[in-house]
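Engineer: What follows is a predicted protein model with its sequence.
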Amino acid sequence: MPKINGNEIRPGTIVEHDGGLWASVKVNHVKPGKGGAFAQVELKNLRDGRKLNERFRSEDKVEQVELEMKDQQFLYETDGRLVFMDNETYEQIELDAELLGDRRPFLQDGMTVSVQYFGDEPLNVTIPQKVTCKVVETEPVQNGQTASKSYKPAVLDNGVRIMVPPFINVDEMIIVHTELMEYSERA
């Protein structure tokens, strides 16, 4: 694994530190009046989700880790575990459903996702940035509610509540931005 200087850490960099795999969440470069500059880095453990704040000076060496991305198909969920299948080898893996957090409802049967691997160990799941959903419940349009930035609440077929523009009606298909958890466009 390549070693990088402590001041080369950027958000999203994955490093091996204190015997674990950590993803840098936030990086703040500090240059105090006295002493040398350093990077104040917020790290998140990829295996158990713990967070850690660490200072890295420019002369500190850190091992950077490259994770392998594999596209896999979501099959089903059982007992809080998500089952995915590799499309090339047909091998199946199980991951904890809590990995996706509040984006879990957007995972649909047969959906292709990216699974990040460290060697043979699956660590994280990334679902597509935009997903098509059906509106199952929303309020009818009210007269005079034509302002460009007015929104109304809606419930999607996966149970998620989001705000949609007033022209969206029940049974319409919309595209939802999964990271922001908000309406993107009509499908």
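Structural biologist: Now that the structure is in, tell me what you want to look at. Quantities reported herein were computed from a predicted structural model and do not represent experimental measurements. Residues are numbered from 1 along each chain as shown.
Engineer: Buried ones in the lowest-mean-pLDDT helix or strand in the chain, by neighbour count?
Structural biologist: The weakest-scoring helix or strand in the chain, judged by mean pLDDT, DSSP states H and E, is strand 121-126 (a mean of 85). For strand 121-126, burial by neighbour count (16 or more other CB atoms under 10 Å) applies to P122, L123, N124, V125. From N, CA and C alone the C-beta is placed, and that goes for glycine too.
Engineer: so which two of those residues are the farthest from each other?
Structural biologist: L123 and V125 (8.8 Å; CB to CB).
Engineer: okay, and the common contacts of those two?
Structural biologist: Any residue near both L123 and V125 by CB atoms under 8 Å, 6 or more residues apart in numbering counts here, and that gives Q116.
Engineer: Run through the bridge partners of the most centrally placed residue in the chain.
Structural biologist: Against the mean C-alpha coordinate of the chain, by CA atoms, centre = their mean, the closest residue is T126 at 5.5 Å. Following DSSP bridges, T126 is listed with bridge partners S114.
Engineer: Also F38?
Structural biologist: V30, R57.
Engineer: rewinding a little: the residue nearest to the centre of the chain: what's it in contact with?
Structural biologist: Neighbouring residues of T126 by CB under 8 Å, 6+ apart: V113, S114, V115, Q116.
Engineer: Kind regards, and thank you for your time.
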